[in-house]
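J.: I need the structure of the sequence given here:
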Amino acid sequence: MDLIRLFRHLLIPAWLPLRRFPTRLRDEIEVQVAASERCHRGELCVAIEAALPWRALLRGQSVRQRAAELFAHWRVWDTEENSGVLIYLQLIDRRVEILADRGIAARVPEREWQEVCRGLEEAMRRGECRPGVLAAFDAVTKKLERHFPARTDNPNELPNRPRVL
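T.: Predicted coordinates for the structure are as follows:
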């Protein structure tokens with residue numbers, strides 16, 4: 001167990017890291033998700049979490065494992081074309097994970113998602129959350145446009161509003 005990580009998550013109030021994602025930025029993310037989804041058949045789901053739950057910390061849960069837990073809990077995988085994508089931002093650890101359902105994972109290599117994650121993490125470290133998020137959405141949209149282009153029938157199957165935990 002990483003005691004420093006445990007104390008950071010338990011002692012830093014959630015509102016502190018969430019200041020970097022105020023309501024107006026979350027509104028902008030919602031608009032970006034909707035705009036992105038008009039360009040491809042992927043279904044984006046965004047989660048922003050300040051601190052991990054204490055039980056997850058005691059188990060030593062990684063950010064990737066937490067993202068997978070939310071991916072399953074919110075049934076991001078349960079879209080008609082297996083085209084769900086979770087973009088998970090863990091603010092205290094300053095980590096980002098992108099998990100794609102099997103329909104997209106078969107076409108977009110994991111390393112491409114990791115490049116987007118590392119770019120957004122670097123922007124978050126510099127305090128440039130808004131430009132980092134917008135650049136990440138642009139990169140995600142381009143990948144999905146190339147590998148999973150839109151069709152005339154393109155239902156919205158997941159909420160566009162970022163979930164703040």
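J.: check contacts around Val63.
T.: Residues near Val63 by C-beta atoms under 8 Å, 6 or more residues apart in numbering: 52, 88, 90, 93, 95, 97. C-beta: built from backbone N, CA, C; applies to glycine.
J.: same question for Leu86.
T.: Residues counted as contacts of Leu86 (C-beta under 8 Å, 6+ apart) are 45-47, 67, 70-71, 74, 76, 97-100.
J.: which residues does Val33 contact?
T.: Residues in contact with Val33, defined by C-beta under 8 Å, 6+ apart, are 44, 46, 137, 160, 162.
J.: what is the nearest of these to Leu18?
T.: Leu18 lies nearest to Pro162 out of these, by C-beta to C-beta, at 11.1 Å.
J.: for Arg125, see how far away that closest one is.
T.: Counting by C-beta to C-beta, to the nearest Å, the gap between Pro162 and Arg125 amounts to 20 Å.
J.: likewise Arg102?
T.: Here the distance between Arg102 and Arg125 works out to 32 Å (C-beta to C-beta).
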